[in-house]
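Student: below: sequence and its predicted model.
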Amino acid sequence: MFVDHIRIFAKAGDGGNGCSSFRREKFEPKGGPDGGDGGRGADVVLVVDPHTDNLRAFFFKPNQLAEKGAPGQGRKKTGRSGKPLVLKVPPGTLVCRSEAPVPKRRQDEEEEGDEFDAGEFMEESTEEGDVFPGDDPTVGEVVADLTEAGQRFVLCQGGVGGKGNWRFRTDTNQAPIEFTEGTKGEEGWFHLELRRIADIGLVGFPNAGKSTLLGALSNATPKVASYPFTTLTPMVGVVEFPGFYRTTVADIPGLIEGAHRNVGLGHDFLRHISRCSIFLFVVDAAGVDRRDPVSDIQILRQELKLYDERLVERPWLIVANKMDLPEAAGGLEALRTRFPKQEILPISADTGLGLDELKQRLCELAGRRPG
């Protein structure tokens, strides 16, 4: 199961209370105050793990509660601090604040004024592929954009431990009984959204050959079949170039018209191309599924613009796929006529025709990033 966006509740640990205690030992019947401080509550920390590729772990455990600090003890002993709760997230995770889910309250209970359990939340029936029941949170401000491997971010800070009565001794008050309680740890609802990180994004309609192309360019092994919507999750492959250079290419599942309105799984797919700096529009030049390659490019460009106008300002190329079929010549000519100033690369991902030229062009566009 691939999960790329989810809402979680995180709470840092509360600080431990300070201790009110007095030293009582043999020959010391009236020792002074020796109450220790409380321990610090544990933080909730997000860490970018390059070996994690989705947010599935949070689907099964959406409530993340960190450890509380232990209370102080006599003999000036400070309570044990909570161990930080480290949550691993994949590179490209966007963290936003979110509103709490709506409590489940049936209409008849509202009318009769019956009490309800605030711990039960609204859950609606979902279709296959949804990742969070009733997931339509009101997303607030962005609190973190985690992109680099090893990057750490304190999502919720733990509470501070209270002071023991040993801290309150003075010359005029040598036997204080005062102590302070630990402070509460931070808590809140957060919306985690994974946006795949890749230099180049493959964009196209279903069955255009994007998965085959990704497999031919890299060591990725996406599912390939002759029917549409074979790919249901974004995949990232690493393309190696001579001289130990490389670039990353993302296979974005096939878009359909109306994707910017979240038709089909539009937003689930479109979010993953927002980080790509270059787009390859892969079209079926042969029109195997009776599609017009020129119309496909226009629709895809329009969908990107309606989703985010900044996307259409980025560099893009047209990859005319399936050139091994005789019908592809007419489609290629139509593309060149309609887009005379745009770079068009004719290839066949299935037979390898034109792949060397495409890899060379990708090497130039990606800036030859060292591996």
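Tutor: Cool, the structure landed. These numbers were taken from a predicted model, which means no experiment stands behind them.
Student: care to break the chain down by domain?
Tutor: Structural domains assigned to the chain are 1-101+137-194, 200-370, following automatic domain parsing.
Student: residue contacts, Asn63?
Tutor: Residues counted as contacts of Asn63 (C-beta atoms under 8 Å, 6 or more residues apart in numbering) are 8-9. (Each C-beta comes from the backbone N, C-alpha and C, glycine too.)
Student: one more pass at 10 Å, please.
Tutor: 8-11 (C-beta atoms under 10 Å, 6 or more residues apart in numbering).
Student: gap between it and Leu87?
Tutor: 12 Å (C-beta to C-beta, to the nearest Å).
Student: tell me, what's touching the two both at once?
Tutor: Joint contacts of Asn63 and Leu87 (C-beta under 10 Å, 6+ apart) are 8, 10.
Student: neighbours around Glu357, how many?
Tutor: 12 (other C-beta atoms under 10 Å).
Student: in which helix or strand would I find it?
Tutor: For Glu357, the host element (DSSP states H and E) is helix 355-365.
Student: remind me, longest helix of this protein?
Tutor: Counting by DSSP state H, the longest helix found in the chain is helix 293-307.
Student: Glu181 and Asp37 touch, don't they?
Tutor: No - contact criterion C-beta atoms under 10 Å: Glu181 and Asp37 do not qualify, at 11.4 Å.
Student: out of these two, which sits in the more crowded spot?
Tutor: Applying other C-beta under 10 Å to Glu181 and Asp37 shows that Asp37 carries more neighbours, namely 28 against 16.
Student: ok, that one touching Ser20?
Tutor: No - counting by C-beta under 10 Å, Asp37 stays clear of Ser20, with 11.7 Å between them.
Student: which residues are common contacts for those two?
Tutor: Shared contacts of Asp37 and Ser20 (C-beta under 10 Å, 6+ apart): 72, 164, 166, 179.
Student: gap between the last one and Gly16?
Tutor: In this structure, Phe179 lies at 11 Å from Gly16, with C-beta to C-beta as the measure.
Student: neighbour count winner among those two?
Tutor: Higher neighbour count among Phe179 and Gly16: Gly16, with 29 against 24, using other C-beta under 10 Å.
Student: identify the residue spatially nearest to that one, adjacent ones excluded.
Tutor: Computed as C-beta to C-beta, 6 or more residues apart in numbering, the closest residue to Gly16 that is not its neighbour in sequence is Gly38, at 2.9 Å.
Student: ok, Gly150 next?
Tutor: Closest to Gly150 by C-beta to C-beta, 6+ apart is Val48, at 6.2 Å.
Student: quick check: of the contacts of Asn63, which lies closest to Cys363?
Tutor: Closest approach to Cys363 among the contacts of Asn63 (C-beta to C-beta): Ile8, at 39.9 Å.
Student: how about the secondary structure of Phe179?
Tutor: Secondary structure for Phe179, judged by DSSP: H, G, I helix; E, B strand; the rest coil, is coil.
Student: ok, it - contacts?
Tutor: The contact partners of Phe179, by C-beta under 10 Å, 6+ apart, come to 17-21, 33, 35-38, 71-72, 162-168.
Student: tell me the contacts of Arg75?
Tutor: Residues in contact with Arg75 (C-beta under 10 Å, 6+ apart) are 19, 21, 23, 25, 31, 34-36, 166.
Student: pLDDT below threshold where in the protein?
Tutor: 1-2, 103-138, 219-234, 254-269, 367-371 (pLDDT under 70).
Student: quick revisit: kindly state the beta-bridge partners for the residue nearest to Gly150.
Tutor: Val89 (DSSP bridges).
Student: please renumber the chain so that the first residue is 25 from this point on.
Tutor: Taking 25 as the first residue, the last one we looked at is Val72.
Student: measure it to Phe33 for me?
Tutor: 21 Å.
Student: ditto for Phe268
Tutor: Separation of Phe268 from Phe33 (C-beta to C-beta): 44 Å.
Student: hang on, the earlier thing: quick check: neighbours shared by Glu205 and Asp61?
Tutor: Contacts common to Glu205 and Asp61, judged by C-beta under 10 Å, 6+ apart, are 39-42, 95, 185-187.
Student: most surrounded residue in these?
Tutor: Gly185 (31 neighbours).
Student: leaving out chain neighbours, which residue sits closest to the residue positioned nearest the centre of the chain?
Tutor: Computing the C-alpha centroid of the chain and ranking residues by C-alpha atoms, centre = their mean puts Leu218 first, at 2.2 Å. Spatial nearest neighbour of Leu218, chain neighbours left out: Asp28 (4.1 Å); criterion: C-beta to C-beta, 6+ apart.
Student: I'd assumed Pro114 was in contact with that neighbour.
Tutor: Yes - in this structure, Asp28 is within contact of Pro114 by C-beta under 10 Å, at 8.9 Å.
Student: what residues do the two have in common as contacts?
Tutor: 77-79, 216, 218-220.
Student: could you dump those residues to a markdown table with distance to Thr236 and secondary structure?
Tutor: Below are the shared contacts of Asp28 and Pro114 laid out as a markdown table (distance: C-beta to C-beta, whole Å; DSSP: H, G, I helix; E, B strand; the rest coil):
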| residue | distance to Thr236 | secondary structure |
| --- | --- | --- |
| Asp77 | 21 | coil |
| Asn78 | 23 | coil |
| Leu79 | 28 | coil |
| Leu216 | 32 | strand |
| Leu218 | 25 | strand |
| Arg219 | 24 | coil |
| Arg220 | 19 | coil |
